[in-house]
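>>> Let's see this in three dimensions:
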Amino acid sequence: MQEQRTKYIFITGGVLSSLGKGITAASIGTLLKASGFRVGVLKLDPYINVDPGTMSPLEHGEVFVTKDGAETDLDLGHYERFLDTSLTRANNFTTGQIYKSVIEKERKGEYLGKTIQVVPHIVNEIKERIKLAGEGKDILIVELGGTTGDIEGLPFLETFRQMKHELGRENVMNVHVTLLPYIKVAGELKTKPTQHSVQELRRIGIAPHMLILRAEQPVPVELKRKIAYACDVDETSVIEAIDAPTIYQVPLDFLAQNALEPIAHQLKLGELSPRMEEWNSLVKRILAPSDEVTIAFVGKYLDLKESYKSLTEALIHAGAHLDSRVKIRWVDSEQLEEEGSEKLLGDLQGILVAGGFGRRGVEGKIEAIRYAREQKIPFLGICLGMQLSMIEYARHVLGYDDADSMEFDEQTKHPIVYLIDEFIDASGARQVRTTTSPLGGTMRLGEYRCDVKPDTNLEKAYESSVIYERHRHRYEANPAYREELEKAGMIVSGESQGLIEAVEVVDHPWFLGVQFHPEFTSRLQHPNPAILAFIKAAMEHRE
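As a prediction, this is how the structure comes out:
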């Protein structure tokens, strides 16, 4: 019996970026998975960076970390949160990685002296990686970053064009996401940007089978018909994607428009009946919860909320399961240094201190932690947030006024947080790291085991003595201070091969600092236990 061949859905975008190609890919994937298919998702990034690990959050938003330690595009976070799955480095690659791989092969003589060209060598490398990501899947959804016509994206589009011929038309579908702008003065939705975008795609050799129209308001039937005729697409394959009150509403909106019908027809999938009852119930709780709670989100990248995308989504997941709206009050840590905690944090039910790199805003975060500890307000510190909670405790309880992290002061007499020389990485291999390594080369990245101490907030949240969570950091908590801290009331509730993974304050209603990033494993259907417990504690504190 011949093995079932993987089918591919290629998603491209036109007119401008940030249209929601990632949400489109995740939504289609959610519906197909709910229909019983094994669905994979792949993000292609045309930029020449090897990965986004060294890029500023202001440049590219959040860096999402996979379980195997890859620093990837934030869209992988959407894929994991929607599809309730864990992805790997095989689910995201960049132009930089492709060229790096091809050049390394050429240097080793693997091309037998041939002249290396975009076609076939670069295209074939892309093709191999796409097929690798599709192994073991019924359907692989492939999202291309950027917009149609970008010079960086042309090799990827050529790959899509060739794969249609290699795999057969019934195994490939092209979905194009495009903008339908509303011109307020004219009072009209304009179709020309969509028409021009599709023309550019067709000029490259790709004819879309489905159009996803991003619009601010519903698209009239006659306008859909006009677009279908102008772009040579079936009317049933013109789907509107209007601004939704929550991104988790999008799969339901697609389902209401029978978006699966043209997909099933093109890929010969038969009749599809996705089971979306639980999803629908959770979305209703997001939109109309019976309760609400307000927490402080203390950070320093507040100009671009995308920097904390996974964390803000994780709060939504927790709220949905507790039938409560989690209202976030954004608190700039630098502003906190100037104006004080009482003014900015005084009327809140919980305080969350997020991660980050660099000295800027650190003292404001420490002040927020001190306030949460002394005023008995539920507190969750993530990554740097945990490290600063230890520094705050050392300063104000142990009396070490100059306690600090070596990240900020290499000469501190009390390095509560320091840089270790070696550690065991996510694969179990020993890694040596130094302060002079290139950016991104010294991090502890990916999923690690954490052994949990009984009868702690951490153990009660996860209901397990062993958990696995993801990391992205360079500096570690210094175990030399562990005994002093524990004697003074700050206990270590989680550790990994001798490294401190979680701390708690004994004389406090709910205080938890974690070295890992719990937000990376939160899903709409399965919220992260630590974040869920934090929101629950905040609700109880309000009462």
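>>> from here on, contacts and neighbour counts on C-alpha atoms
Will do.
>>> now Lys43, what's its secondary structure?
Put simply, Lys43 is strand when judged by DSSP: H, G, I helix; E, B strand; the rest coil.
>>> Residue numbering should commence at 59 henceforth.
New numbering, starting at 59: the last item is Lys101.
>>> Tell me who's in contact with it.
Applying Cα atoms under 8 Å, 6 or more residues apart in numbering to Lys101 gives the contacts 131, 133-134, 149-151, 200-203.
>>> same check, this time on Ile180
Neighbouring residues of Ile180 by Cα under 8 Å, 6+ apart: 156-157, 160, 213.
>>> mind listing the strands for the stretch 209-358 of the chain?
230-237, 240-241, 246-247, 268-273, 296-300, 349-357 (DSSP state E, counting those that start in this stretch).
>>> quick one, phi/psi of the residue of the chain positioned farthest from its centre?
Residue distances from the centre of the chain (Cα atoms, centre = their mean) peak at Gly171, which lies 41.3 Å from the mean C-alpha position. Reported as degrees, to the nearest 10, the phi and psi values for Gly171 are phi 80, psi 0.
>>> coming back round to it: what's the closest of the strands of the stretch 209-358 of the chain to Leu325?
Among the strands of the stretch 209-358 of the chain, the nearest to Leu325 by Cα to Cα is strand 230-237 (6.8 Å).
>>> quick one: average pLDDT of the closest one?
Summarised as a single mean, pLDDT over strand 230-237 is 97.
>>> Just name whatever secondary elements that strand is in contact with.
Applying 3 or more Cα pairs under 8 Å, 6 or more residues apart in numbering; DSSP states H and E, one finds that strand 230-237 contacts strand 65-71, helix 250-262, strand 268-273, helix 318-325.
>>> partner strands of it, parallel or antiparallel?
strand 65-71 (parallel), strand 268-273 (parallel) (DSSP bridges).
>>> how about stretch 150-166: buried residues?
Across stretch 150-166, burial judged by 16 or more other Cα atoms under 10 Å covers 150-153, 155-157, 160, 164.
>>> got it, and stretch 433-447?
Neighbour counts over stretch 433-447 (16+ other Cα under 10 Å) mark 434-447 as buried.
>>> among the residues you listed, which are in helices?
Residues of the buried residues of stretch 433-447 located in helices (DSSP state H): 442-447.
>>> Can you say which two of those are spatially most distant?
Farthest-apart pair in those is Leu442 and Ser447; separation 8.5 Å (Cα to Cα).
>>> show me the residues around the nearest residue to Lys511 once chain neighbours are set aside that make contact.
Excluding its sequence neighbours, the residue lying closest to Lys511 (Cα to Cα, 6 or more residues apart in numbering) is Ser551, at 4.9 Å. Ser551 is in contact with 510-512, 514, 516, 559-562, counting by Cα under 8 Å, 6+ apart.
>>> Narrow these to those in helices?
Per DSSP H, the contacts of Ser551 map to helices at Leu516.
>>> Buried ones among the contacts of Ser551?
By 16+ other Cα under 10 Å, the contacts of Ser551 give 510-511, 514, 516, 559-562 as buried.
>>> can you map out the helices along the stretch 359-508 of the chain?
367-379, 391-397, 399-403, 420-432, 442-454 (DSSP state H, counting those that start in this stretch).
>>> pLDDT wise, what is Arg417 at?
Among the per-residue scores, Arg417 holds a pLDDT of 76.
>>> again with the one 10 residues further on
Ile427 carries a pLDDT value of 96.
>>> Return the residues in contact with it.
So Ile427 contacts 409, 411, 437, 446-447, 450 (Cα under 8 Å, 6+ apart).
>>> Of those residues, just say which sits nearest to Ile297.
Val411 (40.2 Å).
>>> pretty sure the closest one is touching Gly439, no?
Yes - counting by Cα atoms under 8 Å, Val411 does reach Gly439; the two are 4.8 Å apart.
>>> Near Arg261, how many residues? Count them for me, please.
Arg261 has 11 neighbours, counted by other Cα atoms under 10 Å.
>>> Please read the previous query as pertaining to Glu517.
Glu517 has 20 nearby residues by other Cα under 10 Å.
>>> Equivalent analysis for Val411, please.
Neighbours of Val411 using other Cα under 10 Å come to 27.
>>> now swap in the one 5 residues further on and tell me
Other residues near Gly416 come to 9 when the count uses other Cα under 10 Å.
>>> How about the one 10 residues further on?
Other residues within reach of Ala426, judged by other Cα under 10 Å, total 28.
>>> Kindly report the same for Leu369.
For Leu369, using other Cα under 10 Å, the count is 21.
>>> CA atoms only for the helix or strand harbouring Val550 - export them in CSV, please.
Val550 belongs to strand 548-554 when elements are defined using DSSP states H and E. Extracted in CSV, the C-alpha atoms of strand 548-554 (Å, rounded to 0.1, in the frame of the first residue of the first chain):
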residue,chain,number,x,y,z
MET,A,548,13.1,32.5,50.8
ILE,A,549,13.1,28.9,49.8
VAL,A,550,14.3,27.2,46.6
SER,A,551,11.2,25.3,45.3
GLY,A,552,12.6,24.1,42.0
GLU,A,553,16.1,23.1,40.8
SER,A,554,17.7,21.6,37.7
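>>> Sheet partners, orientation included, of that strand?
strand 502-510 (antiparallel), strand 557-563 (antiparallel).
>>> coming back round to it: need the contacts of Ser551 in CSV with pLDDT and distance to Leu89, can you?
Supplementary listing: those in CSV, determined by pLDDT from 0 to 100; distance: Cα to Cα, whole Å:
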residue, pLDDT, distance to Leu89
Val510, 98, 36
Lys511, 97, 40
Pro512, 97, 40
Thr514, 98, 39
Leu516, 98, 34
Glu559, 97, 37
Ala560, 98, 37
Val561, 98, 40
Glu562, 98, 41
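>>> Looking at the contacts of Ser551, which one is closest to His531?
If you rank the contacts of Ser551 by distance to His531 using Cα to Cα, Glu559 comes first, at 11.8 Å.
>>> Apart from its chain neighbours, what residue comes closest to the residue nearest to the spatial centre of the chain?
Centroid check for the chain by Cα atoms, centre = their mean gives Gly135 as the closest residue, at 2.7 Å. In space, and not counting its chain neighbours, Gly135 is closest to Phe122: 6.2 Å by Cα to Cα, 6+ apart.
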